[in-house]
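Chemist: turn this into a model:
(chains A and B)
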Amino acid sequence: MMEVEGSSTPMNRAPDHSSFLRSRRSKALYQFKQQKLPACKPVLTPTSVITVFLLMGFVFIPIGFVTLRASRDAIEIVERYDVECIPEEYRNNKLSYITDSSISKNCTRYLKVRKHMKAPIFIYYQLDNYYQNHRRYVKSRSDQQLLHGLEYSHTSSCEPEESSNGLPIVPCGLIAWSMFNDTFTFARESMKLKVNRNNISWKSDRDHKFGKNVYPLNFQNGTLIGGAKLDPKIPLSDQEDFIVWMRAAALLSFRKLYGRIEEDLEPGNVVVVNLMNNYNTYSFSGQKKLILSTSSWLGGRNDFLGITYLVVGSSSIIISIIFMLLHLKNPRPYGDNSWNKKSLSS
Amino acid sequence: MAAGSGRKRRRKLQLSKLFTLTGAKACFKPDHSRIGRSGFSRVVFCNEPDSPEANSRNYCDNYVRTTKYTLTSFFPKSLFEQFRRVANFYFLVVGILSFTPLAPYTAVSAIVPLTFVILATMVKEGVEDWRRKQQDIEVNNRKVGVHRGNGNFDPTEWKSLRVGDILKVEKNEFFPADLVLLSSSYEDAVCYVETMNLDGETNLKLKQGLEVTLSFREELNFSDFEAFIKCEDPNANLYSFVGTIELNGVKYPLSPQQLLLRGSKLRNTDYIYGAVVFTGPDTKVVQNSTAPPSKRSMIERKMDRIIYLMFLVVVSLAFFGSVLFGISTRDDLQNGVMKRWYLKPDDSRIFFDPKRAPIAAIYHFLSALMLNSSFIPISLYVSIEIVKVLQSFFINQDIHMYYEEADKPAHARTSNLNEELGQVGTILSDKTGTLTCNSMEFIKCSIAGTAYGRAVTEVEMAIGMRKVSALVNQSNGSRTEDAVAAEPAVKGFNFRDERIMDGNWVSETHADVIQKFFRLLAVCHTVIPEVDEDTGKISYEAESPDEAAFVIAARELGFEFFTRTQTTLSVRELDLMTGERVERLYKVLNVLEFSSSRKRMSVIVQDQDGKLLLLSKGADSVMFERLSENGKKYEEATRDHVNEYADAGLRTLILAYRELDENEYEVFTERISEAKNSVSADREALIDEVTEKIEKDLVLLGATAVEDKLQNGVPDCIDKLAQAGIKIWVLTGDKMETAINIGFACSLLRRDMKQIIINLETPEIQQLEKSGEKYAIAEASKENVMRQITNGKVQLKVYGGNSEAFALIIDGKSLTYALEDDMKDIFLDLAIGCASVICCRSSPKQKALVTRLVKIGSGQTTLAIGDGANDVGMLQEADIGVGISGVEGMQAVMSSDIAIAQFRYLERLLLVHGHWCYRRISKMICYFFYKNITFGFTLFLYEAYTSFSTTPAYNDWYLSLYSVLFSSLPVICLGIFDQDVSAHFCLKFPVLYQEGVQNLLFSWRRILSWMFHGFCSAIIIFFLCKTSLESQAFNQDGKTAGREILGGTMYTCVVWVVSLQMVLTISYFTLIQHVVVWGSVVIWYFFLVVYGSLPIRVSTDAYMVFLEALAPAPSYWITTLFVVLSTMMPFFIFSAIQMRFFPMSHGTIKLLRYEDQCSNSGNFEMGRQKSVRRTLVMRSHQPES
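Modeler: Below you'll find the predicted structure:
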């Protein structure tokens, strides 16, 4: 498949240009100037094509199996609660329910465990149709303020959540203002399940992006209250649910880590979830889901990668077989030898 | 410059006014009367340039600048040049807009790549200009002796010369400014000047100072020299000069005869004294220098169109996004109810305000234009420029195009046209000096009816070859070897005949005729001898190589011409009586010069015995009819010989003489001076008439035959070029017979070809010509030509349009008619139908016209190749002008785009370098757009998932460095180094060249396929990444993938895909390619690490992304592997199928070579050409989309 040409090639009809060569310092420089550096020139011969596809197949299929296995190892319980958690009478006007602060938002869901779930079991909330990647939204934050607090006053990027009542807001910006504020408590057979809410954010965020001495100030004091309130006594770097929220999602359907259950769940267990359905996704008809999931070495459950690996891998093998058949059947489609000796230039 | 042109315009206006006033008056020297008026206002105070009057004139200094920029103008001017390019201007606008809140990214990240690109181009411009500057400095600091008072001449730099300075210029020095010749080392104040750099003529020109100044021959004389020169204003006319010199109160007229021009060289004269009249920019040579017409290659012109197409894509994508963005923004707030409340649509600036959604959409459009700027490859122009410079470097360095004998490598004077070299469809070639060496060799002669000379000409060899080749397939190489072996010992002399050489001629029967014959050769010419003082050897400066050959032949046979003065000429010759070598002095009385209408030249000399002789040489057509009755003794035999010689491809001249008696001569002198002094319009005709009368009743001596040797390797080269499918037209000033013979010799014509000859030498036309009715002649000629062309076309049709079988030969006169508007299309049709076209007797203007006709008419890329000043028009008209840096001066080279030393290098220049450059550039441009579309479209797709709010998928710096850092080097490398097949195979399979001629690699279909490929890659990358990294946990810790993780992964995939695509595209991997391609990928990872470690202030959301999130997560690596390989798969399958079933010719050759390597059978024949040719033909029949 490869062929090396270069120094060994005889120079065709090259006379001895000694005077011209006097300047050359080395053979390599000469070869460079004459564009004759030793090189390999890959050619797409049928053999190499077949080899490449076979190789790809043989690499992809095992990886596919391993990936699929890993994905299947992660067990997931998904519970959509945005509709169920609204009392029947409000079903037609969800918005009035969610915006009316006088109504209790309490709601209870039951999750049935079907397979053994090994600790740690990650708790996620998932929002759909939520444009956390909208430019107005993404830009509306101040990294410097999150790190340095009030010391940093150039927070124009936070607009329109920059200040209220003449005071700067810490943390400022739309992202912070619209923080998710549903809360969940978990119980199994009336035994409260302990939820670990530490260590759910990236370490670098806690250490370097959110200040240890920055405390929420003047937050959610405006006329319109967006989402969660923050405890003004706890520094931002310790408010992990806030840190998780602040890392904007890439797409309009996303999950955020809420916490970890550090006990195994057995099949047949029923997990009782008490939740406060505070967050308004109804106005933009977004869905809310609660997810319990274990993780494999690859992460959460997504069969896509494994399956496509298998598909691409096996199609490579099929293609290589097709090529092989074609090659065996008709080994030289490009020209024949019969007139080899005939000279064209007579 | 502006001031200069303004001045020029003013002068023109005034001149025209003058003409209306004085036009009617005819006076002997009308121009001199105008001195002192406008247009002729220059006053030169000789020898006192410091005087107040001289200073008040304020003439410019002698600094000549050829640089494009000055130190002050460099910055604004080069910036302006840069932003004239539409793409750069677009990026400038984007850069400015990025300072507004509209920008989807930070301003710095938008400005940095633009600055980088602009700086790179400016550095390139600067370096190029710096080189010119160095040359300028060298030239301007040359020294020349300037009079500094009291007869002292001090060496002074050229640049500090002033108008009025008196200079002393020594032998073989260039004149530093335009001078008025005062005196020289010769008593009569003559000097010899070489004007090669000005007009390309190699012969020496004679200049003579005025009689009144010739006494100033010593340095000391100049201590109190005082004169005023009044003359015309600076202008570009090299051959005119009007002025007066006032010495001691008396005015004397000055003419071009006294003007020594900058750029010419003093020869044969020890020194001259002259007064500076024009300096620096005012000199005629500088006034004459116009910027050469800038040529752009077809590919580059097409590239502009691609860029416009990309703009269209960008605009339509932005527009599409804006509409959707406007709709979703409007929907955010309806009847006071907020939909996406988290965006606070009620409290929004104009950019996102639902209440003013249409305006927001318009602003969005601007933002989207900025975001989509990744579609336009910002570094395309600068990359192409860098690549082309290096390509030219390779052309210049190619040892196979280096002509050792003259120490001349190939020289690409512009790098703009490299790729055009790979697309040449028609070559228009000069003959003399281009196909031939233009060093005439005296090879045969016929004296007194006896033929002498045994050497074999190349044409004869070729004829011999043709006869033999039917039986034995002799290799071409041996012929050239023969030719080399036969190289004569004396340049210009290849005569071998022991009968008359070495003084043996004395014993021949017609010894007296032989003596006269060679004496004529030694005397009848305008050659100037140059004696080498050390060796005593004599070399000759001749107007034409033919003349030099004659004088040399005479010398070799014992008639050595060695000095010439104004009126005499000395020859060393053998005295027939005494057998001794004696010096003989001939008084030259008159020279009747050669002209194309007279076709002869004569001299009238008086020998030492006082005998008056008219010696004449000329073309057979005019000479035979001038013979006297008793001079026709050898006519028949000579005629036969002349025809023989012409058949052998030789240039022949007839020699004849006659003795004059005193009375006859007196009458002649009287008449000729009368004719010369006449002022009427038909002065020339009068002179002709007088000379006609004396050049008659001649006695025939014999005929000469000189060979214009074909250059080495010309037939092979032409053969190869023809195999490559390139049409070759030869445009020559020669006779039809000579041209046809040369055509055979250089394998342009073959015996089995049908020749279609178009000329006007038919009896009826000749009849008409005698009657002299111009209109009737024109009418009849035109009709005649038309008929011949139509006949030719009919013949073509009969043979079914097989162009291999026909050759068209047309002469200059017919060409005049064939090039007329109403006939040129049909003529072109006919010419295209023929394999070879030869235009004989064509003038320089016709050459240019034919070139234009072919260029415009056939739409093909034309290449003109020539060596002389008469080819300049053709070289400039053609798409590519190739100059042969041969003997005929530098004019052609100066106006060419590429200069080579020998015609045969054209083969390598086109088939190897042209082919490579074409491939490289076209691949490179396609790839450029591919890689930017792949990148840009992922951005757009992501934007679509952000409700078109122009959120970029990637970090600002990822975005801006893509074009500059992560993807530019490999593609530059591709442009510089890639080789589809090696040089050896390019030459072995000339058919490969058709890829360029048919423009297979840069057809719209191919360009659009590459773009389509880019869109597909982007779609595959985006959707595979998006689905793989959906909402599930990204790593074992249960963290999910945020924007920065998706962006980082996608970017990694793009970098990998683009690099692997490069691997599939490159067909030539040296260490450099490996370093650059894999280096780009490594740089990306390296950048991720370094950039991610910078403080958050700088790295923002890319902080620690790689080290903390991406690198430890297996899903990042598995996703990358999968996405990258899957994206590559469609292309790989496509190329495998193409290679297997529809290989392009280079692919076939690669396979053939590969197989050959494997089997090692040595079964690798030229015959395989056929398979290549067949595939190529097959492809060419496919419709272009």
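
Chemist: quick one: B:Phe806 and chain A, what's the gap?
Modeler: Using CB to the nearest CB, to the nearest Å, B:Phe806 is found at 18 Å from chain A. All C-beta atoms are positioned from the backbone trio N, CA, C, and that covers glycine.

Chemist: that residue contacts B:Ile832, correct?
Modeler: No: contact criterion CB atoms under 8 Å: B:Phe806 and B:Ile832 do not qualify, at 10.6 Å.

Chemist: more neighbours: the two, which one.
Modeler: B:Phe806 (22 against 18; other CB atoms under 10 Å in any protein chain shown).

Chemist: quick one: average confidence on stretch B:521-529?
Modeler: Taken as a whole, stretch B:521-529 has an average pLDDT of 85.

Chemist: gap between the two ends of that stretch?
Modeler: This stretch, stretch B:521-529, spans 14 Å end to end (CA to CA, to the nearest Å).

Chemist: is A:Cys107 within a helix or a strand, and which one?
Modeler: strand A:106-112 (DSSP states H and E).

Chemist: pairing partners for that strand, with directions?
Modeler: strand A:270-276 (antiparallel) (DSSP bridges).

Chemist: quick one: the helices in the stretch 151-300 of chain B?
Modeler: With DSSP state H, counting those that start in this stretch as the definition, the stretch 151-300 of chain B shows helices at residue ranges B:196-199, B:284-288, B:298-331.

Chemist: turn these into JSON lines, including distance to chain A and mean pLDDT.
Modeler: Below are these laid out as JSON lines (distance: least, CB to the nearest CB, whole Å; pLDDT from 0 to 100):
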{"stretch": "helix B:196-199", "distance to chain A": "25", "mean pLDDT": "66"}
{"stretch": "helix B:284-288", "distance to chain A": "32", "mean pLDDT": "78"}
{"stretch": "helix B:298-331", "distance to chain A": "9", "mean pLDDT": "92"}
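
Chemist: contacts for the strand holding A:Cys107, please.
Modeler: For strand A:106-112, contacts defined as CB atoms under 8 Å, 6 or more residues apart in numbering or on different chains pick out A:77, A:79, A:81, A:84-85, A:268-277, A:290, A:292.

Chemist: and that strand, what's buried?
Modeler: A:Cys107, A:Arg109, A:Leu111 (16 or more other CB atoms under 10 Å in any protein chain shown).

Chemist: ok now it, how far from the chain's centre?
Modeler: From the chain centre to the centre of strand A:106-112 is a distance of 29 Å (CA atoms, centre = their mean, to the nearest Å).

Chemist: avg pLDDT for it?
Modeler: Rounded mean pLDDT across strand A:106-112 is 91.

Chemist: closest to chain B out of the buried residues of strand A:106-112?
Modeler: Distances from chain B to these, taken as CB to the nearest CB, are shortest for A:Leu111 (17.4 Å).

Chemist: burial count for the nearest residue to that closest one once chain neighbours are set aside?
Modeler: Nearest residue to A:Leu111, sequence neighbours excluded (CB to CB, 6 or more residues apart in numbering or on different chains): A:Val271, at 4.3 Å. When neighbours are defined as other CB under 10 Å, A:Val271 has 22 of them.

Chemist: before I go, just wanted to say thanks for your time.
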